[in-house]
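Peer 1: Predicted model follows, preceded by the sequence.
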Amino acid sequence: MQRPRQMQRLLFLLLGQLLTFASCYTTPGPKHEQRPGGPSQEHWGYSDQDWREDYQKCDGKSQSPINVEISKTIVNKNLPKITLEGYSLPETTLLNLTNNGHTVQLSLPESMSISNTFPQKYLASQLHFHWGTESSPGAEHTVDGIRYVAEMHIVHYAAKYGSLRGAAQKADGLAVLAVLFQIGPNDNENYNHIFDKLEAISQEGDEVYIPGFDVNALLPHQLSRFFRYNGSLTTPPCFQTVTWTVFNDTVQLSKEQLHKLETSLKTGHHTLDSNFRFVQPLNGRNVLASFSSTLPSGRMVVKESAESGGDDKPGLELDEPNAFSNSSDGNQIALGDTLAIIFGILFGCTALIFVVYVLRQRKHQRLNTESGKKVIYKPTNTMEA
């Protein structure tokens, strides 16, 4: 009886060793679950943006965000205008606002859509924000090298695919509207629907429901001026399935509102900030512009504010018709103005000295004529004049 028991124990022991051996050589699965559609509860972060190991698409040739060089855009005034439907939501519609550890995200109903703009209809899914810190801006897209203080994305998916998840990996699956922010003198009350609730979702995973409102009010007044290009999600898994529309005109927030966005949320035990991806190579992609850059624009040129008292936040100056520049430095216009003023002052002083000299010469000639004598001007006389 002992021999069968010994054989049984030996078999169990061998089976255990085989299972251990097999587990050591099994190909491991992905470290993180890949969820389409923007930020989610994945264990990736912005401090180390080398996401390629776990998300191969992040190493693609059509990644976002990009730097829009206005002088290199292709003007196409025949681009269909942005037509939005259902953006004015009744208060009876409850919207989920959540801190997902990467951003503040607001769910949107499928009754909101982009229509008659693309060959197909795109339904809204959610909107979220990207921002920096109290000392540095945090928009994702840049324009002529200028990074704005923050950026909002309104994510839509192609209706024919039935869901955001189903559309995320399709070539024409997603359409995202991007809004750039700058600092203005007053609160933008249209954003209070969201910003007033940030303290209620300060911890990662917190969520609240807010009543519906007119989402149109979050957008720039002028929707006809925009940039268009093909790119990707700016967060893992970086699917290259997004048709991007980046509005040229900005939206203003007050310093207080921006401060609330930058400091209210936490991820883990840290403040949630600087949640923007670095600019990606264009790799030969075309960027279309729906307008001519020689026309006046509602976008603003970022400059250091003279009244900020050392505040690092960028100041504001309305964009003039010829304010678009090939320079990636937003200070070129300020330098030109300064040089013009200096040369103007020097020219004025030179002209004044010349006029004074001519008048004195005429006076001296008149005196010589009247006295019949040559007048010799001594240093003392010159000082008295």
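Peer 2: Everything's here; your move. Numbers count the residues shown, from 1 in each chain.
Peer 1: which regions of the stretch 1-150 of the chain lie under the pLDDT threshold?
Peer 2: Residue ranges of the stretch 1-150 of the chain with pLDDT under 70: 1-42.
Peer 1: residue ranges for the helices of it, please.
Peer 2: Along the stretch 1-150 of the chain, the segments classed as helices by DSSP state H, counting those that start in this stretch run 2-25.
Peer 1: Quick one: the strands in it, in order.
Peer 2: Counting by DSSP state E, counting those that start in this stretch, one finds strands in the stretch 1-150 of the chain at the ranges 67-68, 74-75, 84-85, 94-99, 104-107, 113-114, 122-131, 142-143, 146-147, 150-158.
Peer 1: The fourth one vs strand 122-131, what angle?
Peer 2: If I follow you right, that is strand 94-99. 30 degrees (axes from the mean of the first three to the mean of the last three C-alpha atoms, to 10 degrees).
Peer 1: Pull out the buried residues from strand 94-99.
Peer 2: Using 16 or more other C-beta atoms under 10 Å as the test for burial, strand 94-99 gives L95, L97, T98, N99. Placement of C-beta: from N, CA and C, glycine included.
Peer 1: distance of the nearest residue to the third one once chain neighbours are set aside from K197?
Peer 2: If I follow you right, that is T98. Leaving aside its sequence neighbours, T98 sits nearest to E207 (C-beta to C-beta, 6 or more residues apart in numbering; 3.9 Å). According to C-beta to C-beta, to the nearest Å, E207 stands 10 Å off from K197.
Peer 1: the more surrounded of these two?
Peer 2: Per other C-beta atoms under 10 Å, whichever of E207 and K197 has more neighbours is K197, with 18 against 14.
Peer 1: For that one, give me its contacts.
Peer 2: Taking C-beta atoms under 8 Å, 6 or more residues apart in numbering as the criterion, K197 is in contact with L97, V208, I210.
Peer 1: Just put the buried residues of strand 94-99 in a markdown table and tack on distance to S71.
Peer 2: Below are the buried residues of strand 94-99 laid out as a markdown table (distance: C-beta to C-beta, whole Å):
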| residue | distance to S71 |
| --- | --- |
| L95 | 40 |
| L97 | 40 |
| T98 | 40 |
| N99 | 40 |
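Peer 1: Just the closest of these to G138, please.
Peer 2: Of all those, N99 has the smallest distance to G138: 16.4 Å, by C-beta to C-beta.
Peer 1: how about the strands of the stretch 1-150 of the chain in CSV, adding distance to F278?
Peer 2: Below are the strands of the stretch 1-150 of the chain laid out as CSV (distance: least, C-beta to C-beta, whole Å):
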stretch, distance to F278
strand 67-68, 10
strand 74-75, 25
strand 84-85, 30
strand 94-99, 23
strand 104-107, 21
strand 113-114, 28
strand 122-131, 12
strand 142-143, 10
strand 146-147, 10
strand 150-158, 13
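Peer 1: can you tell which of those is closest to G268?
Peer 2: strand 94-99 (11.3 Å).
Peer 1: Which secondary structure elements does the closest one sit against?
Peer 2: Counting contacts by 3 or more C-beta pairs under 8 Å, 6 or more residues apart in numbering; DSSP states H and E, strand 94-99 packs against strand 104-107, strand 207-211.
Peer 1: May I see the buried residues of the shortest one?
Peer 2: Along strand 104-107, the positions that meet the burial threshold by neighbour count (16+ other C-beta under 10 Å) are V104, Q105, L106.
Peer 1: Nearest to V149 among these?
Peer 2: Nearest to V149 among those, with distances taken as C-beta to C-beta, is V104, at 15.4 Å.
Peer 1: Spatially, and excluding backbone neighbours, which residue is closest to the closest one.
Peer 2: Take V104 and drop its neighbours on the chain: the residue closest to it by C-beta to C-beta, 6+ apart is F129, 5.7 Å away.
Peer 1: For that neighbour, give me its contacts.
Peer 2: Applying C-beta under 8 Å, 6+ apart, the residues near F129 are T103, V104, A150, E151, M152, H153, L261.
Peer 1: quick one: which two of those residues are the most distant?
Peer 2: The most widely separated members of those, counting by C-beta to C-beta, are H153 and L261 (14.2 Å).
Peer 1: Comparing the two, which shows the higher neighbour count?
Peer 2: A direct count of neighbours by other C-beta under 10 Å for H153 and L261 places H153 higher, at 27 against 24.
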